Structure formats: C-alpha cells, structure tokens
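> below is the structure, and that's it, no one-letter string:
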C-alpha cells in the first residue's frame, strides 16, 4: 500500500511540473512573438506605387547587414575619371566628311554601337550624323512625337556633351540628302570586332573621295573592344559617350528616378536581378532543353536562323546539359533564388526583376517568388498610364485580320459525306475545337501551323520599340540598386548583353558597390553536387557558394571579368583606362596579361583636385540614417521598426553628381 501511495505522489508531482513548464513556455512564446519577423513581408510592398512621390508614408527602418549590403572597402579608392590625359585637340569642321549609320538590334546592341560610332568618327576625323535606330523608326509604329534617336536618348545632351570630341549633326546637309536617297554613297557593314586598321585602310579613302559613307551595324558594335595602349584616349572617349553623353530623354529619366524613389521609400536596400533569359542568347548558346514544348522549338528555330546567317558555326542540335555544365547557359531564376538564400538574404528582401523579355514568361519566376515574397518589376512600380505616357501618343493599330474559318452549310457537309468513299464508313469526326483569339496572338502562335516564322505584325513592331523603353527604365534601376546579380553576363562569347553594361557602369560610377560577377561554370558544379537536395543543402555547400560569390565582388571577380568579358565588350570592364585611384600605392596586387595589358591595379593616380574633393557616395550607401549592424546575420532577417518619416531615402544619380563636380573643378582650375 505504501508503495502504491508513493507512485501516486510521484505521478502528481510530474503532472504539476509539466503544467508549470507548459505555462512558462506559453508565456515565453507570447512575449517573444514580435521579435520573430523572419517570415513577415514588408507591409507596404503590396500597396500602390503609382504616385510619383510618397510624402508622409510610413518608412521602414532596417538594421542593414554589412555582409549583405555594405560597401567594398578594398575598391573604395577607384574613382571615375574619363577625362583626356594627353594633348587632345578640338575637332575641326574642315574634316574628312560625314558618317551616317543604321543600327539594328536591342537595347544593349544599340548602346554599344553608338559608343563605337563616336570613336570611329574621331578616329577618321569625320562629322557624325546622329545614328538611326531601326527599331524606333516611325515606320515601326512609334509615336509621331519622336524621331529615331530621340525616342530613347536626349539628342541635345548627346551633341553638347561631345562637342570637344566629335562634331555631331542631326542630319546631312540638304545638298547631300538627295544623293543619299539615290544610294550614291558607299555603304559598309563592318564586323562587331573590326580593327582600327580596317577603318583607316578601307573606309577612310572612300570617305575622303565621296565625303560621305554609310555604316550598317547589326552585331552590337563595330570596333574591337581592346585597343592598343597608344589608343587609350579612344577608350576614354567610349566611356565619356556611354556614361556621360548617352543620357535617356527626360521623360525616361524622370520615371526611372521615381521608380528608385518608390523602392527606397520603404527604407530598406533592394537587389536588382536580370534573368538574361533572352531568346537570341539561348539560341546562340544552345540552351533549348532548359525549356519544354513550344519554347524549345522556338529556340531551335532561332538557332537555325543564326546558323544560316553564319553567326553560329556549330550544329543545330546541342546537348543543353553540357552547355549548362560549362557555364554557357543563363542561371534559372530558381537557382538564383537558392544562391541568394545561401548568401543569407532574408525572405523579405526586395528583388527588382529587370529585363523587358524573360523567355518562358512569369512561369519561370514562380520558384523565385516562392522563396522571396517581395519580387517586383516595372509593372509593380508604375501605373499603366505612366508607361503609356512614356511611349507618347500612338496611332491606333489596324484590326487584327484573323478571322475564324466560315462554317460549312448542311449541303456542303452532305456533299463531303457522299464523296467520302465506299461504305461501311466510320462515324464523322467530332467538331473541331474553336480557335480562340488569344491563341493567334503573340510571337509563338505560328509554331503550331507553319515551319516558317511570319514577318512581324504592326503590333509586334510596336512592342519591340516599347521594349527599348522598358529596358531603359530597368537600366536606371539596376545601376542605382544597392546590389546587382546577373542571371547571365558576357563571359567571352556572343555579343554585348544587358547585365554586362550594367556591371560596367556600376564599376565606373561606384566600384565599391556590390556587383556580383559569378562564374556560372563553378556554380553549375555546385548545383550538380547537391542536385537532389537543392532546398536543403549541406552547410559546407553553403559556405563554398558564399565564398565564391564574395570573391566575385572584389579583385578576383574584376580580374576574371577583365579576362573574359572585356575582349568582347569594353564597356563591361572600363578599367584601367577610365578610372583613377586615390591611393595607388595601396594596390600591391598588380596583374598584367601576356600582352602587357593591366588586368588589375594599373589605374593612374587621381589628380590632386580630385583627391582634395574626393567623389563621395550618397548618404544611403554609407549607412547614414540607417542602423548598421556588423554582427553575423547571415541566417537571420533584418529587424524592422515602424516610424513616421517624410524622407524617401532616395539615391542621387552618381553620374550626374560626377558631371557637376567635374564642371565645377574644371572651372576652378
């Protein structure tokens, strides 16, 4: 009996202790819940971004994690400096003649081609006629408010900024226009990597003889990327064109600034991401098998076109798995999301998706949106009216000529039945499924009916011109972002791409800003190792990924980009020609290539006037007004506090700031 009574008392004691423990845990949970914010979404992200300014809104103050958003101190001494270094005479109006040009291609090809055209005009001592952008001609359906060049760029700024470099006119003189219409002037179609010697020996004699030559540029440039050291001034001219003279027209700049302000109004940094999933890129590198069904056929059709034109020298059918393994294919959005998670970016990170074309549509972005709840794009930040106003007043398009086939009469059906052959006959087939209008619209509707891609419709031509505007907006946001991650960037093959141009301008304007330069071949090996456990990788895998991406931000990434990207596109890596160092003695790791070219550390010392007034970064980049936390928060989300504020925390344009300071310093000198 005594033994049984002891068991009862022990059981009662255990019950009491369990109850007390439960109450304690409930109380701890109650009071600690406000601090568990890692799965909370920024409350204002889902609200309306359409207003141009957001005064009086609630600003989210974030503990900025320096390991994710901080500036790169070892690149802080690099400063933008594209001014001439040697005797640089002003161009003479009595020169060798005029150069006019037609530019084909998308946003990145246009931008690279214009920079090359200005450089060639200086090389040949010629007057440049503002080039014609073929995708923005009025015949392509754009608004009558714009001419070709002015649809995208500011003509007045372009001419005024380069008056000391090249004479630029808007049109040919009247007495030469008629001769051009009669095709009396020689026209050339130079390759994208044509040498300076080609222009001096082949084109200059024709220019002196006829006084006018035309250039047709279709491959994203017309001058080789790396020029001899003796032509470093021409490289700096390219930088002045790309980073100072080529300003978007005021309406584009205004809306782009508003988009950045709306992103910064919530008080936390944002990351820009360009998927690089463009049909031409996928076809060129043979990445058709990354997609399925009709998308694979579309890529293969475009690849066949490139082979026919001689752009691609390989076979039509390529193993896309091998291409992905050697880093030729873009990273898929799902893979980028996993990389950002491995880096420690919280789920509430604002990710701006750039790019007017994402092949595969929104479907391929679903995994990224599942991992990060605040994925936005231009449609999230701008109203439809704002985007329509940017394109200007456009004439209405003709009604779509597509009509469903006429229904057959009962008499026609009987005649077909009687001619169907001897009996017994099978039952007639079920009625044909109706063809809906949306199945005939879009650039992929033809693939199910014919083997030949039809000519672009008026609607297709207009949408192609609109993509230039959307790319311009995305370019502004990507350059101003706190961090930039490319899904695909030039790695030594192909032609200039959007991400490479963004990376080059970010390197020029603010070298210490966080710009990832991943090696896709190494990342492909990482993903192959953990392919079966993508969402639950081992800790050593996460550490290896983090180490690789952190190295790509600094010297290691810059050296690789100089080796891989610069030979194709100088604007992707405008070092060392277009920069200087505040303290060149601090650079102990100077590297040169076999041809004597500096890969890293060969920049000139900045002038004394620049060192006295060192170009600073705006307050947001140094953490002013933002709480800074240097603790290890790689796997934690940033704490959020709500407070009333009228400040938007927007980032001023580094380009404009540099121009204004250059003008002020030049005036003082």
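That came through fine. The model shown is predicted, which means the values in this text are computed figures rather than measured ones. Numbers count the residues shown, from 1 in each chain.
> residue 267 - how many residues pack around it?
25 (other C-beta atoms under 10 Å). To be clear about C-beta, it is placed using only N, CA and C from the backbone, and glycine gets the same treatment.
> does it belong to a helix, a strand or coil?
Following DSSP: H, G, I helix; E, B strand; the rest coil, we place residue 267 in the coil state.
> show me where the stretch 501-650 of the chain has its helices.
Counting by DSSP state H, counting those that start in this stretch, the stretch 501-650 of the chain has helices at residues 520-529, 539-553, 555-564, 608-612, 619-622.
> whoops, I mixed them up, the stretch 151-300 of the chain
Assigned by DSSP H, counting those that start in this stretch, the helices in the stretch 151-300 of the chain fall at 155-161, 174-181, 196-198, 204-210, 232-240, 250-264, 279-285, 294-309.
> before we move on, the earlier item: among the helices of the stretch 501-650 of the chain, which comes closest to residue 18?
Closest to residue 18 of the helices of the stretch 501-650 of the chain, according to C-beta to C-beta: helix 539-553, at 35.0 Å.
> packing partners for the closest one?
helix 333-343, helix 520-529 (3 or more C-beta pairs under 8 Å, 6 or more residues apart in numbering; DSSP states H and E).
> winner for burial among those helices?
The highest average neighbour count among these, using mean count of other C-beta atoms under 10 Å, belongs to helix 333-343 at a mean of 22.
> tilt between it and helix 520-529?
Here helix 333-343 points in a direction 90 degrees away from that of helix 520-529 (axes from the mean of the first three to the mean of the last three C-alpha atoms, to 10 degrees).
> for helix 333-343, packing partners?
Counting contacts by 3+ C-beta pairs under 8 Å, 6+ apart, helix 333-343 is packed against helix 366-371, strand 483-486, helix 520-529, helix 539-553.
> quick one: strands adjacent to the second one?
Using DSSP bridges, the neighbouring strands of strand 483-486 in the sheet come out as strand 270-274 (parallel), strand 514-515 (parallel).
> got the angle for the first one vs helix 250-264?
This points to strand 270-274. If you take the same axes, to 10 degrees, strand 270-274 sits at 130 degrees to helix 250-264.
> how far does strand 270-274 sit from its chain's centre?
9 Å (C-alpha atoms, centre = their mean, to the nearest Å).
> contact partners of that strand?
Strand 270-274 has contacts (C-beta atoms under 8 Å, 6 or more residues apart in numbering) with 263-264, 336, 340, 345, 349-355, 474, 477-478, 481-488, 498-499, 502.
> turn the helices of the stretch 151-300 of the chain into a markdown table, including distance to residue 455, mean neighbour count and mean pLDDT.
Output for those, formatted as a markdown table (distance: least, C-beta to C-beta, whole Å; neighbours: other C-beta atoms under 10 Å; pLDDT from 0 to 100):
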| stretch | distance to residue 455 | mean neighbour count | mean pLDDT |
| --- | --- | --- | --- |
| helix 155-161 | 31 | 16 | 94 |
| helix 174-181 | 25 | 12 | 87 |
| helix 196-198 | 33 | 15 | 94 |
| helix 204-210 | 33 | 15 | 93 |
| helix 232-240 | 35 | 21 | 94 |
| helix 250-264 | 29 | 20 | 96 |
| helix 279-285 | 17 | 22 | 89 |
| helix 294-309 | 13 | 17 | 87 |
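> export the ones you listed to TSV and tack on distance to residue 542?
Below are the helices of the stretch 151-300 of the chain laid out as TSV (distance: least, C-beta to C-beta, whole Å):
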stretch	distance to residue 542
helix 155-161	46
helix 174-181	61
helix 196-198	48
helix 204-210	57
helix 232-240	38
helix 250-264	28
helix 279-285	28
helix 294-309	32
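> pLDDT weak spots in the protein?
Along the chain, the parts satisfying pLDDT under 70 run over 1-4, 28-63, 399-405, 425-426, 428, 432-449, 492-493, 584-588, 611-669.
> ok, the nearest residue to residue 304 once chain neighbours are set aside - how many residues close by?
In space, and not counting its chain neighbours, residue 304 is closest to residue 316: 5.8 Å by C-beta to C-beta, 6 or more residues apart in numbering. Residues lying near residue 316 (other C-beta under 10 Å) number 13.
> ok, residue 316 - contacts?
Here residue 316 is in contact with 300, 303, 304, 307 (C-beta under 8 Å, 6+ apart).
> now the strands paired with strand 483-486 in a markdown table, please, with extra columns for distance to residue 130 and mean neighbour count.
As requested, these are exported to a markdown table (distance: least, C-beta to C-beta, whole Å; neighbours: other C-beta atoms under 10 Å):
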| stretch | distance to residue 130 | mean neighbour count |
| --- | --- | --- |
| strand 270-274 | 28 | 25 |
| strand 514-515 | 31 | 26 |
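> about what we covered before: of all the helices and strands packed on helix 539-553, which lies closest to residue 120?
helix 520-529 (32.8 Å).
> residues contacting residue 468?
Counted by C-beta under 8 Å, 6+ apart, residue 468 has contacts 106, 107, 110, 133, 135, 136, 151, 152, 356.
> next secondary structure after the one helix or strand the third one maps to?
Taking DSSP states H and E as the criterion, residue 110 maps to helix 107-123. Remark: after helix 107-123, the chain's next helix or strand is strand 127-129, criterion DSSP H and E.
> chain center to that next one: distance?
29 Å.
> elements contacting it?
Applying 3+ C-beta pairs under 8 Å, 6+ apart, we find strand 127-129 packed against strand 98-103, helix 107-123, strand 168-169.
> most tightly packed of those?
Mean neighbour count (mean count of other C-beta under 10 Å) peaks for helix 107-123 among the helices and strands packed on strand 127-129, with a mean of 25.
> the inter-axis angle of it versus helix 232-240?
Inter-element angle recorded for helix 107-123 and helix 232-240: 140 degrees (by the same axes, to 10 degrees).
> and helix 107-123, what does it pack onto?
strand 98-103, strand 127-129, strand 212-217, helix 232-240, helix 458-480, helix 498-509.
> note down every partner strand of the next helix or strand after the shortest one and its orientation.
What it means is strand 127-129. Using DSSP H and E, the helix or strand that follows strand 127-129 in sequence is strand 132-133. Sheet pairing of strand 132-133 (DSSP bridges) gives strand 98-103 (parallel).
> pull the distance from the partner strand to the chain's centre.
Here the centre of strand 98-103 is set off from its chain's centre by 26 Å, with C-alpha atoms, centre = their mean.
> kind regards, and thank you for your time.
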